[in-house]
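Need the 3D shape of this:
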Amino acid sequence: MKKTLTSICSAVMSSTLALATASPPSIPSGSVEYSNIFDDSVFDQFSEPAHYKTSSAPMHVAEAPAPVESSDKNFDFNINAYTSNYNVRGMGVTDRFSAYGYSSIYGSYVLPNRNLFGMGIYQRVSGEAGIIWGAGDLLGSAPLGHAGYALGKEIFPNLKVELGYELNGGGLEGYMAKARDKCSQRITQELNLRARFDDKQQGFFGGAELAYGFQGLKGCYWDTQVGYRFMDVYLSGNVGFDLELIVGISGSKDYWTGSTEGIDAYRIRTNILPYSLNGKFGRDANMRIAPWVQLAWAGSNEAKIYRDMNSSIIDKFQFTVGCDLGWQF
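Numbering: from 1, shown residues only. Okay, the predicted model is just below:
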């Protein structure tokens, strides 16, 4: 028995050594063709129902998404072609001060360096020139103007905060500054803090502003608004429009006169935003058109201004229509 086991072990070792030293099979030269191993018809009886049917298109390895470039534009230009009433943060003046409405041109430019101090801070300069139609000598026959500079930063996605300076000439601020300080200049200066939120995917947007005036009008004012954007309210062919509904409120303390403290105005506004599917105007296009309608009610400061100025300057209620034309680059 012992001899038999020894013989079997020797035979196994000899076979193993022979396989280990044997040369591998040669690789065939030329192209190699493969044929279907299975007949697809075999699997027909196991085909899934129509609503579970998978695509027969070849599968591809998923590619990494391309970097998303910022949608921010450097230059924003807006023409308020016409507004039926002149108002400031919803507080509108009477027909005696503005008989035929208001028009203006506004421009805002963000400097190319959006990473100032290595902290993601950008710089924005802005300016506006406007005409109060039929103002006469009350609000000044010369055009009113605004010039500003601000440092801003995106704190969270869709939320930007700006700290800025603004110089104002003429308009309601200039008239009140002249009446308050008894000087010929209609100039005011202020520092402001602004926050803007715009979630284009969800449709919610809004803004808030807190300002301190240190020349002409010395005091504080604030303004806040919230809105919602209804997408694709109407679509026909290549053209449709969105609709924005905005609610706002503004107030001040010792700003217009030495004793005004409270609400300046309440307002509700609707913007109609036409767009084209070919991207020529509206939404993310460079050009935009926005006719709008606004209702505004004066707050508690209207009566205080009337008492201090002994004149009916602020309207208690205003219905205003207007149209804006804008370009972004």
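
quick one: contacts for residue 180?
By Cβ atoms under 8 Å, 6 or more residues apart in numbering, the contact set of residue 180 is 216-217, 256-258. Glycine gets a C-beta too; all of them are placed from N, C-alpha and C.

I would like a ChimeraX command selecting only the buried ones among these, please.
Buried residues among these (16 or more other Cβ atoms under 10 Å), as a ChimeraX selection:
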select :216,217,256,257
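
So which of the contacts of residue 180 sit within helices?
Nothing among those maps onto helices, per DSSP state H.

I'd like the contacts of residue 180 as a markdown table, with pLDDT appended.
Shown next, in a markdown table, are the contacts of residue 180 (pLDDT from 0 to 100):
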| residue | pLDDT |
| --- | --- |
| 216 | 90 |
| 217 | 92 |
| 256 | 94 |
| 257 | 89 |
| 258 | 83 |
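
Please, where are all the helices along the stretch 151-300 of the chain?
Along the stretch 151-300 of the chain, the stretches classed as helices by DSSP state H, counting those that start in this stretch are 171-181.

report the longest strand in the chain, please.
strand 219-236 (DSSP state E).

Show me what that strand is packed up against.
In this structure, strand 219-236 packs against strand 204-215, strand 239-253, strand 261-276, with contacts taken as 3 or more Cβ pairs under 8 Å, 6 or more residues apart in numbering; DSSP states H and E.

Could you rerun that using 10 Å?
strand 187-198, strand 204-215, strand 239-253, strand 261-276 (3 or more Cβ pairs under 10 Å, 6 or more residues apart in numbering; DSSP states H and E).

in it, what counts as buried?
Of the residues in strand 219-236, those buried (16+ other Cβ under 10 Å) are 219-225, 227, 229.

What of stretch 172-192?
For stretch 172-192, using 16+ other Cβ under 10 Å, the buried residues are 172-181, 186-190, 192.

And those residues, which two are furthest apart?
The largest separation in the buried residues of stretch 172-192, counting by Cβ to Cβ, is between 179 and 192 at 22.8 Å.

May I see the helices and strands packed on strand 219-236 arranged in CSV, with mean pLDDT and distance to residue 144 as well?
Below are the helices and strands packed on strand 219-236 laid out as CSV (pLDDT from 0 to 100; distance: least, Cβ to Cβ, whole Å):
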stretch, mean pLDDT, distance to residue 144
strand 187-198, 96, 11
strand 204-215, 96, 16
strand 239-253, 97, 18
strand 261-276, 97, 18
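
Need these in JSON lines (columns: distance to residue 128).
Output for the helices and strands packed on strand 219-236, formatted as JSON lines (distance: least, Cβ to Cβ, whole Å):
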{"stretch": "strand 187-198", "distance to residue 128": "14"}
{"stretch": "strand 204-215", "distance to residue 128": "15"}
{"stretch": "strand 239-253", "distance to residue 128": "18"}
{"stretch": "strand 261-276", "distance to residue 128": "19"}
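
Go through these and name the closest to residue 82.
strand 261-276 (15.0 Å).

Please spell out which residues along that closest one are buried.
Within strand 261-276, judged by 16+ other Cβ under 10 Å, the buried ones are 261, 263-267, 269, 271-275.

Please name the nearest non-neighbouring residue to the residue most central in space within the chain.
Central residue of the chain (Cα atoms, centre = their mean): residue 198, 4.4 Å from the mean position. Excluding its sequence neighbours, the residue lying closest to residue 198 (Cβ to Cβ, 6 or more residues apart in numbering) is residue 205, at 4.2 Å.

gap between the one you found and residue 272?
With the distance defined as Cβ to Cβ, to the nearest Å, residue 205 ends up 16 Å from residue 272.

Residue 298 too?
26 Å.

Any chance of the contacts of residue 180 in TSV with distance to residue 247 as columns?
Formatted as TSV, the contacts of residue 180 follow (distance: Cβ to Cβ, whole Å):
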residue	distance to residue 247
216	30
217	26
256	23
257	27
258	30
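
Burial check on residue 259, number of neighbours?
Neighbours of residue 259 under the rule other Cβ atoms under 10 Å: 12.
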